[in-house]
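*Asks:* give the three-dimensional model of this entry:
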Amino acid sequence: TGRLVRANPVAKVLAAFVLGLGVALSDDPVTPALVLGAVVVALAAGGVTMRVLLMRSWPLLVSAASLGLTTLLFSDTEQPWLTALSVTVRVLAIALPGVVVLVTIDPTDLADSLVQNARVPARFAYASLAALRLLPLMAVEWRTIGLARRARGVDAGRNPVAYLRLFAGTVFTLLVGAVRRGTRLAVAMDARGFDAVGPRTIARPQVVRRSDVALVLGAFAVLAAAVLASSALGTFRPFWA
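*Replies:* I've put the predicted structure just below:
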């Protein structure tokens, strides 16, 4: 219900892309750390509580920590702990804005905004909407397949080889179901006129406000300030260097 939730979806996607691309092109620990700190402050000001953020982004935190630990254990640099910290912070700074976009955007609003504001073809926009709507269903189906196999007595126990075999079988079953469901959904959407090329009316207008422009400009400003601060400290290093 905060300001960030009410912002234009395309503006949020563009701001997240700017921050993620800028951090990905830097190869020092200071720039992503400053960007990450600014993102956390912006989230608090935009109405996204830390509890909601941790509930939605805990897989990202685990992945970043695992990458940092792996880098610490196998890095051959002079300061492996600094390299590991840099990798962890970079992953968080690149991925966290994307997680925020998923948390604060309704898929229907995103599709409408892509068509109206970004001039994306309607066929692509509404296909993206259908895909986003199916993601929670795939998570439920994954759990259902696991429970059904356990009810039939198919369980890996503590055998890692059997676990990997069951995991591969579950992925294949889920993939087959997703392909079948996607085919049926595509036919149904074509039958309902989603593939029409004629003029369309707008049921849910998506307006670009001054605050949305300020959000995108703020992303550029945060990235520029982080690069300038890192350069002033003598730590800035571009990725291609």
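*Asks:* only C-alpha atoms for contact and neighbour calcs from this point on.
*Replies:* Will do.
*Asks:* could you point out the helix or strand that follows the longest helix along the chain?
*Replies:* If you go by DSSP state H, the chain has its longest helix at helix 160-191. Using DSSP states H and E, the helix or strand that follows helix 160-191 in sequence is helix 210-233.
*Asks:* same question for that next one: list its buried residues.
*Replies:* Across helix 210-233, burial judged by 16 or more other Cα atoms under 10 Å covers D212, L215, V216, A219, F220, V222, L223, A224, A226, V227, A229, S230.
*Asks:* wait, the fifth one sits on F17?
*Replies:* No - in this structure, F220 is not within contact of F17 by Cα atoms under 8 Å, at 10.3 Å.
*Asks:* still on that earlier bit, what's the longest helix of the chain packed up against?
*Replies:* Here helix 160-191 touches helix 122-151, going by 3 or more Cα pairs under 8 Å, 6 or more residues apart in numbering; DSSP states H and E.
*Asks:* tell me the angle the helix it packs on makes with helix 160-191.
*Replies:* Here helix 122-151 runs at an angle of 140 degrees relative to helix 160-191 (axes from the mean of the first three to the mean of the last three Cα atoms, to 10 degrees).
*Asks:* let me see the mean pLDDT of helix 122-151.
*Replies:* Helix 122-151 carries an average pLDDT of 85.
*Asks:* cool, and stretch 203-219?
*Replies:* For stretch 203-219, the mean pLDDT works out to 89.
*Asks:* which residues touch it?
*Replies:* Identification of contacts with stretch 203-219 by Cα atoms under 8 Å, 6 or more residues apart in numbering yields 7-8, 11-12, 14-16, 18-19, 109, 112-113, 116-117.
*Asks:* reformat the residues you listed as JSON lines; add secondary structure and pLDDT.
*Replies:* JSON lines is the format used below for the contacts of stretch 203-219 (DSSP: H, G, I helix; E, B strand; the rest coil; pLDDT from 0 to 100):
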{"residue": "A7", "secondary structure": "coil", "pLDDT": "88"}
{"residue": "N8", "secondary structure": "coil", "pLDDT": "90"}
{"residue": "A11", "secondary structure": "helix", "pLDDT": "91"}
{"residue": "K12", "secondary structure": "helix", "pLDDT": "91"}
{"residue": "L14", "secondary structure": "helix", "pLDDT": "92"}
{"residue": "A15", "secondary structure": "helix", "pLDDT": "91"}
{"residue": "A16", "secondary structure": "helix", "pLDDT": "90"}
{"residue": "V18", "secondary structure": "helix", "pLDDT": "92"}
{"residue": "L19", "secondary structure": "helix", "pLDDT": "91"}
{"residue": "D109", "secondary structure": "helix", "pLDDT": "89"}
{"residue": "D112", "secondary structure": "helix", "pLDDT": "89"}
{"residue": "S113", "secondary structure": "helix", "pLDDT": "90"}
{"residue": "Q116", "secondary structure": "helix", "pLDDT": "89"}
{"residue": "N117", "secondary structure": "coil", "pLDDT": "89"}
